[in-house]
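[1] Predicted model and sequence follow; I will ask about them next.
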Amino acid sequence: MKSISSTYRRVAFTLPSLLVAASFFAAACDPNKPARPPVKKVLFAIVDGIPPDVIERVNTPWIDSVAAQGGYSRAYTGGEKGAYSESPTISAVCYTHFVTGTWTHKHNVWDNSIAAINYHYPTFFWYLKQHDPERKIGIFSTWEDNRTKLIGEGKPETGELKMDYYADGYELDTAAYPHDPSSHYIHRIDERVSEEAARAIREDAPDLSWVYLQYTDDIGHRFGDSEQMDSAVAIADNQVGRLWQAVQYRQERFNEEWLVYIVTDHGRDDKGYHHGGQAPRERAIWLATNDKNLNTYFHEHEPGSVDLLPTVLRFLDVEVPRQYRFEWDGIPLSGPVSHAFKSAELKGDSLLLEWEPLKGEGELNILLATTNNHATGGTDEYETVTSVPIADGQAAVDISAYPADFYKVVLESSDHAANRWVLRH
């Protein structure tokens with residue numbers, strides 16, 4: 001598949017396709033036939049490195065328009081500070097949290113080199129294609145490594161996953177986009193990427209699209225908290241507007257239901273120049289969405305970047321094998337959720353677990369595995385050690401029959417699963 005910037009992919013109308021279309025319109029006009037459910041589509045967009053206090057202060061009418069249909073929330077990245085899942089607040093690391101639903105101790109992206117990513121923790125693109133190979137996926141990115149390294153397009157480890165649509169790599173074309181100290185070339189590339197993405201949405205509507213825009217992060221590194229940064233945020237908002245208008249165009253003219261998430265990947269230090277550490281403002285991110293089915297967890301808790309993947313896949317009705325769901329570090333932000341895992345610790349032969357009940361009824365299965373075979377492509381054998389009411393909020397589990405120095409603990413309800421690792425010190 002060529003980049004859509006050079007050869008835009010279109011479907012030719014043949015006689016059979018016209019007959020199918022005629023049949024569809026005939027069926028649509030039959031009052032006795034039930035209406036077809038809308039086709040579900042997702043647009044996920046990252047605008048890089050905008051702290052929540054900045055996005056909340058600067059006028060961003062397009063992002064606000066998305067959130068007005070669903071919601072806006074401050075959120076966090078960086079894993080659990082001081083624990084095994086603590087993750088650098090570096091750009092590529094943070095993108096990977098979103099698209100794999102896992103923290104760095106699993107996906108193994110520690111910096112922007114993406115040198116040794118563990119593809120056994122797949123992206124939402126892989127899950128969608130495994131579920132239905134006919135569904136279409138697209139990436140529109142100011143940084144080519146998102147496709148070639150992070151997603152792993154064409155690599156044996158990802159089953160040679162292929163994007164159906166893409167627009168990226170412009171940063172490598174220094175003739176068309178000569179690099180300059182002020183990063184104006186990144187602004188021009190973001191413009192092109194957002195235009196290409198909007199065009200693809202309007203004309204072909206991939207089932208799952210990821211758009212990445214970089215300019216705000218570059219300006220933050222150069223100018224910190226400043227008028228220049230505020231101006232860059234306004235520019236990014238206009239680019240989001242192109243995408244949002246394209247989505248609205250599809251929803252008004254086609255039988256489609258779109259889930260849109262506009263997010264940032266990380267915050268910045270107190271002066272707005274840097275990021276990478278665990279300071280509160282570096283860990284602080286935000287989510288804006290048109291989702292009308294947001295749950296208690298979204299509204300009353302602090303979501304994490306890892307919550308996006310299970311949210312997207314649930315919306316798209318993607319069936320995911322249990323062994324993969326047990327690896328996710330996030331839970332869905334929309335639809336039914338029953339619990340949020342708070343802590344797990346060992347005291348002798350007792351495993352002390354605590355969770356927050358998000359609903360008052362139902363049972364929680366507590367499962368254990370003492371291996372980490374998933375990390376190398378294997379399967380972990382989980383034992384259900386007990387079941388308890390969700391409403392209890394805590395349990396002390398005797399694990400004397402499972403001696404080990406390492407445990408994967410899963411709390412599974414009928415709604416979803418949540419996991420923790422426990423290491424014996």
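    Received, thanks. Numbering: from 1, shown residues only.

[2] Break the protein down into its structural domains.
    Domain segmentation of the chain under automatic domain parsing yields 37-325, 339-423.

[3] Using the three-state scheme, assign the residue nearest in space to the middle of the chain.
    By CA atoms, centre = their mean, the chain has its centre lying nearest to Phe98, at 3.3 Å. Here Phe98 is recorded as helix under DSSP: H, G, I helix; E, B strand; the rest coil.

[4] Save the domains of the chain as CSV, and put in mean pLDDT and distance to Pro332 too.
    Heads up, the C-betas are built off the backbone N, CA and C, glycines and all. Shown next, in CSV, are the domains of the chain (pLDDT from 0 to 100; distance: least, CB to CB, whole Å):
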stretch, mean pLDDT, distance to Pro332
domain 37-325, 98, 5
domain 339-423, 96, 6
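
[5] before we move on, back to that, ok, the residue nearest to the centre of the chain - contacts?
    By CB atoms under 8 Å, 6 or more residues apart in numbering, the contact set of Phe98 is Phe44, Ile46, Val263, Asp265, Ser305, Val306, Leu308, Leu309.

[6] so which of the residues you listed would you say is closest to Val388?
    Val306 (24.8 Å; CB to CB).

[7] neighbours of that closest one, just the number please.
    With neighbours defined by other CB atoms under 10 Å, the count for Val306 comes to 27.

[8] what's the answer for the one 4 residues further on, then?
    Other residues lying near Pro310 total 26 when counted by other CB under 10 Å.

[9] quick revisit: how far away is the residue nearest to the centre of the chain from Pro37?
    Distance of Phe98 to Pro37, computed by CB to CB, to the nearest Å: 27 Å.

[10] on that earlier part again, ok, now how distant is the residue nearest to the centre of the chain from Pro389?
    33 Å.

[11] So Asp207 is in contact with His131, correct?
    No. Using CB atoms under 8 Å, Asp207 is not in contact with His131, being 10.5 Å away.

[12] And the two? Which one has more around it.
    Remark: of Asp207 and His131, Asp207 carries more neighbours, 20 against 14, as counted by other CB under 10 Å.

[13] what about the closest residue to that one other than its chain neighbours, which SS state?
    Using CB to CB, 6 or more residues apart in numbering and skipping the chain neighbours, the partner closest in space to Asp207 is Arg135 (4.3 Å). Counting by three-state DSSP, the backbone at Arg135 sits in coil.

[14] ok, Arg135 - contacts?
    By CB under 8 Å, 6+ apart, the neighbours of Arg135 are Leu128, Lys129, Asp207, Leu208, Leu316.

[15] just checking, Ala232 is part of a strand?
    No. Counting by three-state DSSP, Ala232 is not part of a strand but helix.

[16] burial count for it?
    Around Ala232 there are 29 residues (other CB under 10 Å).

[17] Enumerate every residue touching it.
    Going by CB under 8 Å, 6+ apart, Ala232 touches His187, Tyr215, Thr216, Ile219, Gly220.

[18] The stretch 51-200 of the chain: helices as residue ranges?
    52-57, 61-69, 91-100, 104-107, 124-131, 145, 184-203 (DSSP state H, counting those that start in this stretch).

[19] And the residue nearest to the centre of the chain, how close does it get to Pro61?
    From Phe98 to Pro61 the distance is 24 Å (CB to CB).

[20] Next: Gln394.
    45 Å.

[21] so how far is Glu196 from the residue nearest to Ser183 when sequence neighbours are not counted?
    Excluding the flanking residues, the one nearest Ser183 by CB to CB, 6+ apart is Asp218, at 4.0 Å. Asp218 sits 20 Å away from Glu196, going by CB to CB.

[22] now for the helix or strand hosting Ala288, which elements pack on it?
    Per DSSP states H and E, Ala288 falls inside strand 284-289. With contacts taken as 3 or more CB pairs under 8 Å, 6 or more residues apart in numbering; DSSP states H and E, strand 284-289 sits against helix 52-57, helix 61-69, strand 71-76, strand 256-263.

[23] How far does the first one sit from its chain's centre?
    In this view, helix 52-57 has its centroid 21 Å away from the chain centroid, taken as CA atoms, centre = their mean, to the nearest Å.

[24] go on, the last one?
    How far strand 256-263 lies from its chain's middle: 12 Å, per CA atoms, centre = their mean.

[25] For it, which residues meet the burial criterion?
    By neighbour count on 16 or more other CB atoms under 10 Å, the buried set for strand 256-263 is Trp258, Leu259, Val260, Tyr261, Ile262, Val263.

[26] Columns distance to Gln278 on top of those residues, output as JSON lines?
    As requested, those are exported to JSON lines (distance: CB to CB, whole Å):
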{"residue": "Trp258", "distance to Gln278": "35"}
{"residue": "Leu259", "distance to Gln278": "31"}
{"residue": "Val260", "distance to Gln278": "30"}
{"residue": "Tyr261", "distance to Gln278": "24"}
{"residue": "Ile262", "distance to Gln278": "25"}
{"residue": "Val263", "distance to Gln278": "19"}
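
[27] Tell me which two of the residues you listed sit farthest apart.
    Largest separation among the buried residues of strand 256-263 by CB to CB: Trp258 and Val263, giving 15.8 Å.

[28] partners of Leu351 in the sheet?
    Taking DSSP bridges as the rule, Leu351 bridges to Leu346, Val397.

[29] What is the burial count for it?
    Summarising burial for Leu351: neighbours were counted as other CB under 10 Å, giving 21.
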